[in-house]
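Peer 1: next input, structure requested:
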Amino acid sequence: MEALFEELKEKLQKTPYRPLSLPGLALKEASVLIPLFSRASVPQILFTKRTESLRNHAGQISFPGGARDESDSTPLHAALRETHEEVGIPPAQVEVLGLLDEIPTITQFRVLPFVGVIPPDFAYVANPGEIEEIIEVPIAHLLKPEVHRIQMWAISGREREIHFYDYGRHVIWGATARMLRNLLQIVSTLRSVPSSAE
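Peer 2: The predicted structure is shown next:
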C-alpha cells in the first residue's frame, strides 16, 4: 500500500472521530466511502457525479454512499453496500483506513465518512440510475491553495461557510467539500504528503 495511505491509516486510528452532537434534532443516518487509490505512484481520490434525476443532491459531486437501510448492520456496511451499488467495487476489495468526523447535511442526514483504499486498476461499473460520471482527482491538486475557496451563505437564517474545490470543469462543494477539507487537513500533516506543486 502507498506510504501515504499507511501513514494516514495510522493517524486515523490514533485520532478518534467526533460523532455529531445536535440534541433535539433527529437526523437520518447515512455514510459514505472516501475511496483512495494510487496510480503510477500518484495518490488520488475517487468522486462521483450524481445524475440530475436523483431526489437529493442531484448533479452534485459526491463520494459513494447514502442512507443506512434496515439491512445494514453498521454504518460501514451501508457505505460499502452503496459503493458496490454505485460504482461496482465489492466490499472485499476495500481496505478501510478509518473514520472522519460525522457531519450534518441540510437534507437532514448525519453522515459518517469512512476512508478506504480501493484497487488502482479497478474497472468501475457505474449505476446509470445514480451516477453520471466517475471522477479521479490527484490529492496533490486538491492541496493547492488556489483550488480552494470559501463563500458565506445564509442557510436557515444563519451565515455559514461553504467550501468549494475546483477541478477543471468540476466543482466539489457542500457536504462533500466539508468531508474533503477534513481529510486534506489530516493529509497535510503527514510526512508522505503529496507535493501541491505536482
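Peer 1: so the residue nearest the centre of the chain is in which element?
Peer 2: The centroid of the chain falls nearest to Ile34 when counting by C-alpha atoms, centre = their mean (3.8 Å). Following DSSP states H and E, one finds Ile34 within strand 28-39.
Peer 1: that strand packs against which elements?
Peer 2: Packing partners of strand 28-39 (3 or more C-beta pairs under 8 Å, 6 or more residues apart in numbering; DSSP states H and E): helix 3-14, strand 42-50, strand 65-67, helix 75-87, strand 109-117, helix 174-187. Bear in mind the C-beta positions are built from the backbone N, C-alpha and C, glycine included.
Peer 1: just name the most buried of the ones you listed.
Peer 2: strand 109-117 (a mean of 24; mean count of other C-beta atoms under 10 Å).
Peer 1: so what strands line up beside that strand?
Peer 2: Its sheet considered, strand 109-117 pairs with strand 28-39 (parallel), strand 95-99 (antiparallel), strand 103-104 (antiparallel) by DSSP bridges.
Peer 1: point out the most buried one among the ones you listed.
Peer 2: Mean neighbour counts for these (mean count of other C-beta under 10 Å) peak at strand 28-39, with a mean of 21.
Peer 1: quick check: mean pLDDT of it?
Peer 2: Within the predicted structure, the mean pLDDT of strand 28-39 is 96.
Peer 1: quick check: angle from that strand to helix 174-187?
Peer 2: Between strand 28-39 and helix 174-187, the angle comes out at 50 degrees (axes from the mean of the first three to the mean of the last three C-alpha atoms, to 10 degrees).
Peer 1: next helix or strand past the lowest-mean-pLDDT helix or strand in the chain?
Peer 2: Using mean pLDDT, DSSP states H and E, the weakest-scoring helix or strand in the chain turns out to be strand 148-155, at a mean of 87. Using DSSP H and E, the helix or strand that follows strand 148-155 in sequence is strand 158-167.
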